[in-house]
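# structure, please.
(2 chains)
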Amino acid sequence: MSNLIFVVEDSDEDVEAIERAIGRSHPALRREFFRSGADVLAGLTEPGRERPWLMLLDLNMPGESGLDVVRAVRARPELDEVRLVVFTSSEDQAEADACHAAGADSYVYKPLNFALFQSVLSQTLDYWRSRSRSGNVARMVVPPPGDSSAQT
Amino acid sequence: MGDPDLGWAATLHRMWTSVGRISARDELAQLILPPLQALPGVVAVWGLRHAPDDGSILEYRWTGVPLEGANRDLARAAASGRTPEELSALGFAGMLRDRFDLPGEAAGTILVAVDETADVPVVQACLGQVIEVTREAIRRLGQRRAEHAQQTRDALLAEASLQMDAVLDTTQTMQRVPRMAVPAIAEGCLVFVIEDGRPVLRSSVHVDMRRLATLLGDPAVVAHLDHLVGRAVLGGPLPDVDTALLSTRAVDLQPLHARGEVVGALVFLFDREASAIPPSSFLRDLASRAALAIDNGTRYERRSQDVVTMQQHLLPTRLPAVEGLEFAAAYLVGDRILEVGGDFYDVVTGPDGTVAALIGDVCGRGVDAAALTGMARHTLAALLQEGHTPQRAMARLNARLRLDGSWRFVTAGVARLRSVAGGVAVEWVSAGHPAPVVLRHASGPERGHGGGAILGVLGEPRISESELFLAPGDTLIIFTDGLTESRGPDGVMFEDDALGETLDRLRGRPLDELVHELSTASAAFGGSRTDDIAVLAIRAGKEQLR
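All right, here's what the predicted structure looks like:
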């Protein structure tokens, strides 16, 4: 399983908070940020580009919304395995229903409090990682740059 | 047996310092495996994380020889204490192993493959030290995770209280509760309320939307949940939860108590490890806040409905049909007010066919005001219907109010309508009531006169009289002060800012539409308006009055 996730978010504050939260809870996950639906859809069609195992989508963005991205991704069978998590402060049940109907995997509330924000993201990633795990995860270990402990 | 050297001591010290800074277990392998790999004679270092429940391997980490494909079978065998022959084909002369176990945490095994040149006792000693460092690092991570979980629960309670206090709409509250809980504290949350003695699922959220749909689409699951909630309502011990049927690791059910009764239940579904499930006391606390919010909302909605119903009883159910005249009325109940207001209106026809449209406003709200409202409307309507003049009817109402000794006063206005050549003559009689508006068919709105004094205060009422004329298509609009005095955020009244413009826009519109849009425009202008709005409009048709 890839350890790459795509984050589609237009708000600077939310990009910073998501980076900080996932950096703390899941530092081994690689994060790639996109500022619009159009950007991420272009990224997904780029030949040879690594595909993520999960996409975290803001719902309300200028241009293509998170819902548009869900529809576009689900229209491509080769991306069936990609988990789509809508992460939004919207409370509209109709939007949640529309995301579900379009093929989103999660519709998750975006809290204001950072501790809660971090927990919500962390639990969502843990949940989908455990569901995506085909038995286990393997990874080669590379020592962190600048740390000389391996040189002894 | 040799001892690890000074360089290893420095390495171990650095490792200890580094692992104290990590925030996730995923970061650990890159700190602990490479130093072992760097020991003389070490060919590979393999790390295995064991699942807490069934002992299967959750994660593999390695340096040196990749831990992929068939090597994983070898690693699992080696971790369980065996030494498969195939290891020698990888150039391993020996395989050292050590393992740590911590309550509530996934256990780990580190395997170190060595060649013939390795000082096995030294490597084994180093491995033992790394295992100790790892155990301590994971213990600290667990401690920090517990602190973070506590912070999350505190934040959730604070946010839940804030969010639930902000709404009085039970539907919204019932959607907010599970949305906030999932996935912060549970993978799924269902809200049941008791309706007609039966549990009804009102809201449900799961981190996995498809799984939730599948669950709730299974009649056996629905029946089991109904059974659980039904038993919770009755009190006493809960029956066993069929977690296999619910496809979940654990379930918690918290009854929703309000005013000594169980009004529903929250059902939490957990897939996470037992150590990450919040304590029941926390879930109980969350449920009690949710129950309070749902109960407040239910009471508010019931009260609002009662107020609307009672208000409707104080108003005419229909206005009379009069040839040559068209009537329409609108009444908006103050949005944030849970008491009956005192606005009233009516249209009556006298013995000689004269039509009188009356409107009034009893000051204050509540049961007393409602009683006076009914009395004022019926007094004025009955006297006008019997043929008394508006002045006489108002004088009688004034006397009656003074006799009752109520401190409440009344403003009232009566428009007497007579057919004359070319239109309708209007005699407007006012006792402290807002001036009417005439919306001309052919031009803009004109304001009439108010005047007179409120009824119920003076021994001799002071009543003002003025004349208006309606040409065919002109509309007389009479209303209570809730319409004109609704205030925008800057304190400016609708009357001073938007009334003229709104009337201009509504000129020529059907009468029902006109009264509806006029009253809602004022309500929207006021936003959190605090008063009722009554509007009665009379349009002169082409037909002549008798």
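
# thought residue B:348 was touching residue B:356?
Yes - using Cβ atoms under 8 Å, residue B:348 is in contact with residue B:356, at 5.4 Å. All C-beta spots, glycine's among them, are computed from the backbone N, C-alpha and C.

# list residues touching both of the two?
Common neighbours of residue B:348 and residue B:356 are listed as residue B:384 (criterion: Cβ atoms under 8 Å, 6 or more residues apart in numbering or on different chains).

# give me the more crowded residue out of those two.
When residue B:348 and residue B:356 are compared for neighbours, residue B:356 comes out ahead with 24 against 20, by other Cβ atoms under 10 Å in any protein chain shown.

# tell me what that one is bridged to.
residue B:348, residue B:416 (DSSP bridges).

# mind checking pLDDT for it?
pLDDT recorded at residue B:356 is 95.

# residues touching it, list them.
B:347-350, B:384, B:390, B:414-417.

# what's the closest of those residues to chain A?
Minimum distance to chain A across the contacts of residue B:356 is 42.5 Å, recorded for residue B:347 (Cβ to the nearest Cβ).

# wait, is residue B:240 part of a helix?
No - per DSSP: H, G, I helix; E, B strand; the rest coil, residue B:240 lies outside any helix segment and is coil.

# what about it, distance to residue B:268?
16 Å (Cβ to Cβ, to the nearest Å).

# can you get me a residue count around the closest residue to residue B:526 other than its chain neighbours?
In space, and not counting its chain neighbours, residue B:526 is closest to residue B:486: 3.1 Å by Cβ to Cβ, 6 or more residues apart in numbering or on different chains. When neighbours are defined as other Cβ under 10 Å, residue B:486 has 27 of them.

# residues of the stretch 201-350 of chain B that sit close to chain A?
When proximity is defined as Cβ under 8 Å from any Cβ of the partner chain, the stretch 201-350 of chain B approaches chain A at B:205, B:207-210, B:213, B:271-272.

# will you turn those residues into CSV that also has pLDDT, neighbour count and distance to residue B:334?
Formatted as CSV, those follow (pLDDT from 0 to 100; neighbours: other Cβ atoms under 10 Å in any protein chain shown; distance: Cβ to Cβ, whole Å):
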residue, pLDDT, neighbour count, distance to residue B:334
B:205, 95, 27, 35
B:207, 95, 27, 42
B:208, 95, 23, 44
B:209, 94, 21, 40
B:210, 92, 13, 45
B:213, 93, 14, 42
B:271, 92, 23, 48
B:272, 89, 18, 48
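
# what two of these are the furthest from one another?
B:213 and B:272 (21.1 Å; Cβ to Cβ).

# tell me which helix or strand in the chain has the weakest average pLDDT.
Using chain A here. strand A:137-140 (a mean of 54; mean pLDDT, DSSP states H and E).

# not what I meant, chain B
helix B:280-313 (a mean of 81).

# packing partners of that one?
helix B:120-165, helix B:170-181, strand B:250-258, strand B:261-270 (3 or more Cβ pairs under 8 Å, 6 or more residues apart in numbering or on different chains; DSSP states H and E).

# average pLDDT for the third one, rounded please.
Spelled out, it's strand B:250-258. Mean predicted confidence for strand B:250-258 is 89.

# next one: stretch B:19-29
Stretch B:19-29 comes out with an average pLDDT of 82.

# residue numbers of the stretch 1-150 of chain B in contact with chain A?
Residues of the stretch 1-150 of chain B lying near chain A (Cβ under 8 Å from any Cβ): B:7-8, B:10-11, B:14-15, B:18, B:22-24, B:26-27, B:29-31, B:33-35, B:37-38, B:45, B:47, B:56-63, B:66-68, B:72, B:148-149.

# buried subset of those as a ChimeraX selection?
Burial among the residues of the stretch 1-150 of chain B next to chain A is assessed by 16 or more other Cβ atoms under 10 Å in any protein chain shown; the matching ChimeraX selection reads:
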select /B:8,11,14,15,18,22,24,26,27,29,30,31,33,34,35,37,38,45,47,57,58,59,60,61,62,63,67,72,148,149
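
# from what I can see residue B:511 touches residue B:540, true?
No - the pair residue B:511 / residue B:540 is not scored as a contact, 11.1 Å apart, by Cβ under 8 Å.

# about what we covered before: average pLDDT for the next helix or strand after the least confident helix or strand of chain B?
Next in sequence after helix B:280-313, counting helices and strands by DSSP states H and E, comes strand B:325-332. If you average the pLDDT over strand B:325-332, you get 90.
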